[in-house]
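For reference, the sequence and a predicted model appear below.
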Amino acid sequence: MSDLFGGAPAATSPQAPPRDAPLADRLRPRSLAEVVGQDHLTGPEGTIGRMVAAGRLSSMILWGPPGTGKTTLARLLADAVAMRFAPISAVFSGVADLKAAFAAARDAALAGQRTLLFVDEIHRFNRAQQDGFLPYVEDGTVTLVGATTENPSFALNAALLSRAQVLILRRLDEAALAELLVRAEALAGAPLPLTEDARAALIASADGDGRFLLNQVETLQGISIAEPLDPAGLAALLHRRMPVYDKDREGHYNLISALHKALRGSDPQAALYYLARMLVAGEQPLYVLRRLVRFASEDVGLADPQALVQCLAAKDAYEFLGSPEGELAIVQACLYLATAPKSNAAYKAQKAAWRSAKETGSLMPPANILNAPTKLMKEIGYGKGYSYDHDTDEGFSGDNYWPEDMTPQTFYAPVDRGFEHKIRERLAYWDGLREQRAGA
């Protein structure tokens, strides 16, 4: 059994995994030089690089998203400085396990061997358990390397944080993930059956998680694929399709579609006809109201911000009066929507923004607009240089609020109708200020 909680010293040299091991294990780096995406830590000028060069490690917390190599780094660190590697998991361990690990580390120290105690998911230990590490870290019995996906400022004791450096692992970028693909193909001795676009889509789907990417690759390599997959074929293969919705009430959907399109076409007479068809046939009035509320946001939007208010007021009126008196409020909302100026700019903006959010994954906002309630967060630059818009003459700073690795996008483009005409002018004014300040 492996040295999980103590006992015989764990081997420091990474052992080759069996051929039937998961791909992520078979591709696990054998040296720090093979680690991808963390050059800011492992390079010659990085904190880990400098520690290894000096031959001495200090206790540290590895903070980063899943699949970025925290466990691998800990193993390689122990090997690089010839330390005994003793891993435990906060998910499966308790006080007795910690005591056993510390006792084994003390015995190893008497034999002249230092111990790197790796604690995975360290944030899952409660405050009292975290305090239990302190004396053994202070007296050098162990060098603690903790791994966490949670913000250490909130998840770990201040006393423990004061005795360990917090090292931030970055989500794997496109280049790092592409390198993992190349290694997986080299190990398999064959390229993945993907077009270039599908290859890019596969990388994007990993959202910076190397383990997830390799699991997807392993699935592809285990399937016989005759022709290279395009992005659509890749998505169909790797993701479950949504079940088909049961459309056995075709007339119901035909009428609501007709009502929606008559409203969009600004035809109040036809809209009233289809509304009447539905209510006379026994359709639930609250269902119709839900569709009108949706239409107010999707097809009227900020061209007339009162449209949504009118629909919600109609819902309140119907619930207060009931049928048939309350149905007049539904008619009023229907007529308001049909005669209102139309804009789907908000709807299109939502679609574009959601699509961009899925494509860009977990990019961090710029540090200057991040909240910094703790000392650690301030030290790493959170909130530094933030411009408070109200302090400017125009109430507008013109700062860049986009992630560093993302160019600014335009999702919302107001139309030149109704209230959105004024919004359009306002946005143009701000764009002009932004350009002036960028030029200055």
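That came through fine.

Name the SS class of the residue most central in space within the chain, please.
Nearest to the mean C-alpha position of the chain, counting by C-alpha atoms, centre = their mean, stands S362 at 3.8 Å. Assigned by DSSP: H, G, I helix; E, B strand; the rest coil, the conformation of S362 is coil.

burial measure for the closest residue to K70 other than its chain neighbours, as a count.
Closest residue in space to K70, ignoring its immediate chain neighbours: A147 at 3.9 Å, by C-beta to C-beta, 6 or more residues apart in numbering. Using the backbone N, CA and C atoms, a C-beta is placed for each residue, glycine as well. Neighbour count for A147, taken as other C-beta atoms under 10 Å: 25.

which element is V119 on?
For V119, the enclosing helix or strand under DSSP states H and E is strand 115-120.

Next SSE downstream of that strand?
Following strand 115-120 toward the C-terminus (DSSP H and E): helix 127-131.

Tell me which residues of the helix or strand that comes right after that following helix come out buried.
Reading on from helix 127-131 to the C-terminus, the next helix or strand found by DSSP H and E is helix 134-138. Residues of helix 134-138 classed as buried by neighbour count (16 or more other C-beta atoms under 10 Å): Y136, V137.

Let's see the next helix or strand after helix 134-138 as PDB, backbone CA atoms only.
Next along the chain after helix 134-138, taking DSSP H and E as the criterion, comes strand 143-148. Taking Å, rounded to 0.1, in the frame of the first residue of the first chain, the C-alpha atoms of strand 143-148 are listed here in PDB:
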ATOM      1  CA  THR A 143       7.300  21.200   4.800                       C
ATOM      2  CA  LEU A 144       3.700  21.700   4.100                       C
ATOM      3  CA  VAL A 145       2.400  21.900   0.500                       C
ATOM      4  CA  GLY A 146      -1.400  22.400   0.500                       C
ATOM      5  CA  ALA A 147      -3.600  22.400  -2.600                       C
ATOM      6  CA  THR A 148      -6.900  24.200  -2.900                       C
END
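
avg pLDDT for strand 143-148?
The average pLDDT within strand 143-148 is 96.

pLDDT score assigned to the closest residue in space to P66 that isn't next to it in sequence?
Nearest residue to P66 in three dimensions, chain neighbours excluded: D209, at 5.5 Å (C-beta to C-beta, 6+ apart). Per-residue pLDDT puts D209 at 92.

for D209, what are its contacts?
By C-beta atoms under 8 Å, 6 or more residues apart in numbering, the contact set of D209 is P65, P66, G67, T68, R171, L172.

Quick check on the residue nearest to the centre of the chain: phi, psi?
S362 adopts backbone torsions of phi -110, psi 40, taken as degrees, to the nearest 10.

And the one 3 residues further on, by the same measure?
For P365, the backbone dihedrals are phi -60, psi 160 (criterion: degrees, to the nearest 10).
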